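>>> Starting from these lines, generate the structure:
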Amino acid sequence: MTPEKVEVPAAGRRQLAPIYGAGFVTAFGAHAVAANLGRYALGHHDSLFELGLLLGIYDGAEVVLKPVFGSVVDRKGAKPVMVGGLLAFALASALFVVGGDPHLLGAARFAQGAAAAAFSPAAGAAVAAFGGSKRTGRLFGGYGGAKGVGYLLGPVAGGALVVVGGYSLLFGVLAAVALVAAAATMAFVPHVAPVTRSRSSLVDLVHQVVNADFLRPVLMLGGATAALSAGVGFLPLLGARQHLSPLATGALVSLLAAVAAVLQPPAGRLIDAGRLRPPVAAVALASCAGGFLVALAVPGAPGIALGAVLVGAGVAIDTPLSFTLLTRSAPADRLGRTMGSAEVGRELGDAGGPVLVGAFGLISLTAGVGALAIALLACAGLVVPRSSRRVLGST
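The predicted model follows:
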């Protein structure tokens, strides 16, 4: 017998802020370090392969461990896993500072990724629980906006910290930020007792992950994340090919991240109001694809700027919509596992988007960006529900 979803008392801003803070920590921490690894690699004469390993080890830990920690959330509740993950993130960062050995950077990145694999699905499960049946889109929009701010500030703040005090200062700040988030979570986030779990077998897990109600939003989430990561990585390269300055290309990337961050909260409110329904996911992914095509077709800064806005808007709609659909379809006693498994799709999109562009980029940059646009359009066709008349949340 499948447990019924239990309505959790509505949480106010003070209770939600630490959960949003956890989203900020994982985004800020990942991008503050990743955006400055090139400087590290050059300073230590590392190869591009070694740089690639340092970039990928954080996401690799998340891909492997998120489903595991998602299941722990279902057994122990979201709050203790969130607190434990944030404390582990702070410890991993602090140990790098204390160790003082630059060669520990890879181990620190892996430990940070493992910690994020714990508190990220826990935060997602907490947002889903507190959203209930009426505020899920709004709360996921706010959570996504907080992560977007982390993506936006991470590279800039991380670079400034490295210039001022090296990697020790950067990791020290990351430890402090994670400690503050952990303390706030302990103080203000209510504990929600886990739902009594029904028996579950490996067959049950397979049935869940191959179900269209799970696969469709995961594909939406992976496509949006692929567009975001490829946009951040390759739109500046398009600008450089058109002789734009580094300042201009950096501003264009910031525009993409800012649009994605600012538009997610209002998109979430529209989802709750029933004005953004599941078929809109296809339009959002098509917007991402169109953004890349516009950036290719329209020369100069105006084309790349418009492309960045279109990609950012598509990401802003698709992300809270996909999480809301996952929440509505997830079994009440498997919410953590659902979020953790869905996050794997997100991480694969994060890595797969740039890899796809890079692979076809062996032909030309235009071919690489065009291949991504085609892939996003294909995803748009796959995520359209069989009945486009079905309203989000209807029975």
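
>>> is it true that Val369 touches Ala295?
Yes: Val369 lies in contact with Ala295 (C-beta atoms under 8 Å); the separation is 7.2 Å. (Each C-beta comes from the backbone N, C-alpha and C, glycine too.)

>>> Overlap of the contact sets of these two?
The contact sets of Val369 and Ala295 overlap at Leu238 (C-beta atoms under 8 Å, 6 or more residues apart in numbering).

>>> longest helix in the protein, by residue count?
In the chain, taking DSSP state H as the definition, the longest helix is helix 136-188.

>>> Can you give the distance of that one from its chain's centre?
Offset of helix 136-188 from its chain centre (C-alpha atoms, centre = their mean, to the nearest Å): 13 Å.

>>> Also stretch 83-96?
Relative to the chain's own centre, stretch 83-96 is displaced by 20 Å; criterion: C-alpha atoms, centre = their mean.

>>> If you count neighbours, what's buried in that stretch?
For stretch 83-96, burial by neighbour count (16 or more other C-beta atoms under 10 Å) applies to 83-94, 96.

>>> could these be laid out in a markdown table, adding secondary structure?
A markdown table is the format used below for the buried residues of stretch 83-96 (DSSP: H, G, I helix; E, B strand; the rest coil):
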| residue | secondary structure |
| --- | --- |
| Val83 | helix |
| Gly84 | helix |
| Gly85 | helix |
| Leu86 | helix |
| Leu87 | helix |
| Ala88 | helix |
| Phe89 | helix |
| Ala90 | helix |
| Leu91 | helix |
| Ala92 | helix |
| Ser93 | helix |
| Ala94 | helix |
| Phe96 | helix |
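
>>> Could I get those in a markdown table, plus columns for pLDDT?
Formatted as a markdown table, the buried residues of stretch 83-96 follow (pLDDT from 0 to 100):
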| residue | pLDDT |
| --- | --- |
| Val83 | 96 |
| Gly84 | 96 |
| Gly85 | 96 |
| Leu86 | 97 |
| Leu87 | 97 |
| Ala88 | 96 |
| Phe89 | 96 |
| Ala90 | 96 |
| Leu91 | 96 |
| Ala92 | 94 |
| Ser93 | 94 |
| Ala94 | 94 |
| Phe96 | 90 |
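
>>> between those residues, which is nearest Thr338?
Proximity of the buried residues of stretch 83-96 to Thr338 was ranked by C-beta to C-beta; the top entry is Gly85 with 17.7 Å.

>>> mean confidence for the longest helix of the chain?
Across helix 136-188, pLDDT averages out at 90.

>>> following the helix or strand of the chain with the lowest mean pLDDT, which helix or strand comes up?
Ranking every helix and strand in the chain by mean pLDDT, DSSP states H and E puts helix 202-209 at the bottom, with a mean of 55. Remark: after helix 202-209, the chain's next helix or strand is helix 212-241, criterion DSSP states H and E.

>>> Quick one: mean pLDDT over that next one.
Across helix 212-241, the average pLDDT comes to 86.

>>> Can you spell out which helices and strands pack onto it?
Contact here means 3 or more C-beta pairs under 8 Å, 6 or more residues apart in numbering; DSSP states H and E; on that basis helix 212-241 packs against helix 246-272, helix 280-297, helix 300-329, helix 335-360, helix 365-382.
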